[in-house]
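Chemist: I would like to see how this sequence folds:
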Amino acid sequence: MIIDERIIQDGISVTLIAKLIERHAYEHERFSKLRRYYDGAHDILQRKQTSKGLANNRIVCNHAKYIVDMTSSYLAGNPITYAAAEGYDIEAVKNAYLVEDVSRLDFEIARTMCIYGRAYELVFTDDASAPKSAIISPEQAFVVYNDDCTHIPLFGVYYYVTRDIDGNVTGAVCNVYTDCNCYTYESRDGSFYNMELTADFEHYFGAVPLVEYINNTERQGDFEQLIPIMDAYNLLMSDRVNDKEQFVDSFLFLNNIEVDSEQQKKLRHEKILMAMDPDADAKYLSKVLSESDMKILRDDLKEDIHRFAMVPDMTDVNFSGNLSGVAIRYKLLTFEQHIKAKESYFTEG
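Modeler: Numbers count the residues shown, from 1 in each chain. Model prediction:
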């Protein structure tokens with residue numbers, strides 16, 4: 001989030017914080033949808049039955065999770081190594097990282113970044129004054145930068161509402177982090193406009209301790225642009241199963257054959273039908289299923305998902321057989337470049 005630095009030359013007001021939170025709240029729906037898709041709660045699950053008696057299978061093929069897990073594991077699955085330029089000693093930092101198991105934290109940052117397009121790390125000190133880090137959800141945090149070419153972080157905001165045991169909102173809390181101080185604001189009615197300053201202390205880090213990691217320049221998740229294709233794939237697979245189910249439950253059309261209710265029950269059980277009329281005929285009414293056409297469409301959609309996500313499908317036949325190392329590296333070239341771009345933003349954070 002970018003603002004004119006002159007706005008805060010007289011301090012950060014409660015009204016300014018509340019307005020920035022309102023701006024950030026516009027993205028809550030988008031963040032929620034991205035999280036839903038990663039968790040497997042795709043829109044296909046909300047599809048209603050069009051007619052009573054018709055099959056309504058709702059199949060989720062969670063490519064979103066596959067894409068995120070593949071990229072985040074490749075980026076930060078192996079512990080990240082930390083080194084300093086000549087003349088700098090960071091042994092104290094590295095020791096603090098070992099105590100905190102920072103490799104787990106790095107992986108969670110990478111995964112969150114791939115889902116939401118951004119991730120936030122809050123650096124703080126515990127009761128023993130030891131430095132610690134925590135992941136903050138992008139739905140509850142943002143960093144404000146100045147509007148010139150440097151985009152220097154001015155302050156970070158971490159906010160949330162408090163609730164009672166029944167889920168009713170009982171208040172609002174907002175922590176504002178500058179390069180030297182942390183300010184805590186609270187309200188008892190859940191409104192960020194009615195907050196009052198309740199705590200103010202120095203954090204001694206010398207920089208804004210809420211760090212933003214971005215996934216790309218657009219701050220988009222790895223699968224965000226592919227949601228329509230994934231929806232189409234889910235729909236295709238669901239309808240494919242629906243067609244199979246409805247094929248089994250097809251209508252039996254009888255021509256010049258008359259049966260009563262008892263005979264119908266007997267027919268369903270014994271599967272035998274007799275007719276004396278030479279013009280009698282019986283056949284099922286069903287749609288003609290073209291499995292080959294369905295497979296072509298399914299494979300095309302699946303290929304587009306992996307191509308545009310720049311994440312290879314490791315189950316593809318192209319990765320089987322006796323491929324040389326050069327051939328495999330060529331197939332992974334786009335994926336490697338994709339990860340290198342992520343790595344540059346991750347390193348900056």
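
Chemist: quick one, strands of the protein?
Modeler: Ranges of strands in the chain, per DSSP state E, are 2-3, 118-125, 131-136, 141-146, 153-163, 169-177, 181-187, 196-202, 210-214, 251-255, 281-285.

Chemist: Hmm, Glu196 and Thr184 touching each other?
Modeler: No: using C-beta atoms under 8 Å, Thr184 makes no contact with Glu196, being 9.9 Å away. The C-beta positions use only the backbone N, C-alpha and C, and glycine is treated the same way.

Chemist: For these two, indicate the residue with more neighbours.
Modeler: Remark: of Thr184 and Glu196, Thr184 carries more neighbours, 16 against 10, as counted by other C-beta atoms under 10 Å.

Chemist: Tally up the residues packed near Met217, please.
Modeler: Slight slip there: residue 217 is Thr, not Met. Counted with other C-beta under 10 Å, Thr217 comes out at 8.

Chemist: wait, Leu75
Modeler: Per other C-beta under 10 Å, the neighbour tally for Leu75 reads 22.

Chemist: now do Val176
Modeler: Neighbours around Val176, by other C-beta under 10 Å: 24.

Chemist: same deal with Arg35?
Modeler: Burial measure for Arg35: 18 neighbouring residues, criterion other C-beta under 10 Å.

Chemist: now it, nearest residue through space, not along the chain?
Modeler: Ile115 (6.5 Å; C-beta to C-beta, 6 or more residues apart in numbering).

Chemist: That neighbour contacts Asp39, correct?
Modeler: No: taking C-beta under 8 Å as the definition, Ile115 is not a contact partner of Asp39, at 9.5 Å.

Chemist: When these two are compared, which one has more neighbours?
Modeler: Ile115 (26 against 12).

Chemist: Show the contacting residues for the more buried one.
Modeler: Applying C-beta atoms under 8 Å, 6 or more residues apart in numbering to Ile115 gives the contacts Leu34, Arg35, Tyr38, Val68, Gly221, Asp222.

Chemist: Name the member of these that has the highest neighbour count.
Modeler: The most crowded member of those, judged by other C-beta under 10 Å, is Gly221 (29 neighbours).

Chemist: correct me, but that one touches Asn215?
Modeler: Yes: Gly221 lies in contact with Asn215 (C-beta under 8 Å); the separation is 6.6 Å.

Chemist: Show me whatever sits in contact with both of those two.
Modeler: Residues touching both Gly221 and Asn215 (C-beta under 8 Å, 6+ apart): Cys114, Tyr116, Gly117.

Chemist: With neighbour count added, can I get those in a markdown table?
Modeler: Compiled in a markdown table, those are given as follows (neighbours: other C-beta atoms under 10 Å):
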| residue | neighbour count |
| --- | --- |
| Cys114 | 26 |
| Tyr116 | 25 |
| Gly117 | 22 |
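
Chemist: with these in mind, which one is nearest to Lys48?
Modeler: Tyr116 (29.4 Å; C-beta to C-beta).

Chemist: so who does the closest residue to Phe107 other than its chain neighbours touch?
Modeler: Excluding its sequence neighbours, the residue lying closest to Phe107 (C-beta to C-beta, 6+ apart) is Ala76, at 4.6 Å. With contact taken as C-beta under 8 Å, 6+ apart, Ala76 is in contact with Ser103, Asp106, Phe107, Ile109, Ala110, Phe346.

Chemist: go on, Tyr185?
Modeler: Contacts of Tyr185 (C-beta under 8 Å, 6+ apart): Val14, Ile17, Val173, Cys174, Asn175, Val176, Phe192, Met195, Glu196, Leu197, Thr198.
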